[in-house]
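sequence? don't have it. structure:
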């Protein structure tokens, strides 16, 4: 009788552990909004990230955040697979709205570490390269 009880207890603990791990892994990731200052710190620390500028190529060419790549908002749903999943992804647009939509889209498609620059380029206080 003791052996059956012990085996049942071990099985129950294992099942509960597996269920808790499943719930932890299934937690929905949320888009993180970061300030201009935080992104500047991330750049200074040379964090492993990809900055995706969603603006039109003409605006991107006039001035962008250093290291940013350009994938216009109209193309993000067809070109997002070119963005690596194993890096932090930071979206930048005009004022932040397109970054929010694009960031949520990436999260729905398996990306985990996704950020949006609060206020977009309109609030960017850091360095600009051309």
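Received the coordinates, thanks. On a predicted model such as this, the values are computed, not experimentally measured, just so you know.

tell me which helix or strand comes right after the helix or strand bottoming out on mean pLDDT in the chain.
Using mean pLDDT, DSSP states H and E, helix 2-26 stands out as the lowest-scoring helix or strand of the chain, at a mean of 57. Heading C-terminal from helix 2-26, the first helix or strand you meet, by DSSP states H and E, is strand 32-34.

tell me what that next one is packed against?
In terms of contacts (3 or more Cβ pairs under 8 Å, 6 or more residues apart in numbering; DSSP states H and E), strand 32-34 is packed against strand 114-117. To be clear about C-beta, it is placed using only N, CA and C from the backbone, and glycine gets the same treatment.

elements contacting the strand it packs on?
Other helices and strands packing on strand 114-117, by 3+ Cβ pairs under 8 Å, 6+ apart, are strand 32-34, helix 36-44, strand 88-92, helix 97-108.

partners of that strand in the sheet?
strand 32-34 (parallel), strand 88-92 (parallel) (DSSP bridges).

buried residues in the first one, which are they?
This points to strand 32-34. Residues residue 34 are the ones in strand 32-34 that count as buried (16 or more other Cβ atoms under 10 Å).

what does stretch 110-127 give?
Neighbour counts over stretch 110-127 (16+ other Cβ under 10 Å) mark 111, 113-121, 124 as buried.

hey, what's the residue minimising distance to the centre of the chain bridged with?
Per Cα atoms, centre = their mean, the C-alpha nearest to the average position across the chain is that of residue 114, at 0.7 Å. Residue 114 has the following beta-bridge partners by DSSP bridges: residue 89.

for it, give its distance to residue 44.
Note on residue 114: its distance to residue 44, by Cβ to Cβ, to the nearest Å, is 21 Å.
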